[in-house]
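Asks: Got a sequence here, can you build the structure:
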Amino acid sequence: MPARTSSRTRPRSPQASRPYMPGYGLPQGTRGLLPWKWAQERLTKSHNYWLLTTLPDGAPHAMPIWGIWVSGKFYFSTGRASRKAKNLAKNPRCVVCNERAEEAVILHGDAEEVTDVALIRRLGKTYHAKYKWKLDPAMGPIYAVRPRIAFGMAEERFQNAATRWTF
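Replies: Below is the predicted model of the structure:
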């Protein structure tokens with residue numbers, strides 16, 4: 001049975017730190033780190049996203065998707081027979097990226113199928129407002145990605161602003 005997920009739990013505030021990037025000349029300390037609000041704004045405003053999953057042979061699989069950022073989770077839907085759904089059924093670990101690489105937000109997390117009807121109704125309002133499209137479980141599963149770690153990369157101030165958030 002798929003795991004249930006709810007948006008009623010408050011998201012924890014992630015801890016910001018420097019990402020481990022040898023050879024990039026990142027400074028020590030926390031001065032210049034991006035605030036989590038910066039990442040949330042980009043996750044909310046992005047129209048298209050990239051979803052990376054793992055194929056059965058271990059190779060990466062990347063596809064563009066639509067989605068919404070709500071209460072500390074990223075929600076999206078796909079067809080039940082899609083490669084994305086098949087990959088997530090075998091390995092729920094995935095990566096979600098916003099559409100703008102010059103202001104990149106990269107979420108590493110675990111996807112779980114959403115089955116709570118009341119939650120789906122609430123998410124559907126946000127999804128429809130954004131895409132003018134119905135979020136309908138009859139069309140395929142709806143997933144919630146709860147981030148474990150996230151990275152923020154602002155191109156214009158990359159060295160000082162590169163940030164890793166741990167949840």
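Asks: which ones are touching Arg146?
Replies: Thr5, Gly72, Lys73, Gly109, Asp110, Glu112, Phe167 (C-beta atoms under 8 Å, 6 or more residues apart in numbering). C-beta: built from backbone N, CA, C; applies to glycine.
Asks: how about low-confidence regions in this structure?
Replies: Residues of the chain meeting the criterion pLDDT under 70: 1-12.
Asks: What residues are recorded as beta-bridge partners of the most centrally placed residue in it?
Replies: Centroid check for the chain by C-alpha atoms, centre = their mean gives Val96 as the closest residue, at 4.1 Å. For Val96, the beta-bridge partners are Leu51, Leu107 (DSSP bridges).
Asks: Quick check: it touching Val145?
Replies: Yes. Here Val96 lies in contact with Val145, judged by C-beta atoms under 8 Å, at a distance of 5.5 Å.
Asks: so what sits against both of those two?
Replies: With contacts defined as C-beta under 8 Å, 6+ apart, the residues adjacent to both Val96 and Val145 are Phe74, Phe76, Leu107, Gly109.
Asks: Mind listing residues that contact the helix or strand encompassing the last one?
Replies: Put plainly, it is Gly109. Secondary structure from DSSP states H and E places Gly109 in strand 103-113. Applying C-beta under 8 Å, 6+ apart, the external contacts of strand 103-113 come out as 2-3, 5, 39, 42-43, 74, 88, 92-98, 141-155.
Asks: any idea how far Ile65 is from Ile149?
Replies: Going from Ile149 to Ile65 by C-beta to C-beta, to the nearest Å gives 20 Å.
Asks: Just want the phi and psi numbers for Pro56.
Replies: As for Pro56, its main-chain torsions (degrees, to the nearest 10) stand at phi -60, psi -30.
Asks: Distance check, the residue lying closest to it once chain neighbours are set aside against Arg83.
Replies: In space, Pro56 comes closest to Lys90 once its chain neighbours are excluded; the distance is 6.3 Å by C-beta to C-beta, 6 or more residues apart in numbering. As defined by C-beta to C-beta, Lys90 lies at a distance of 11 Å from Arg83.
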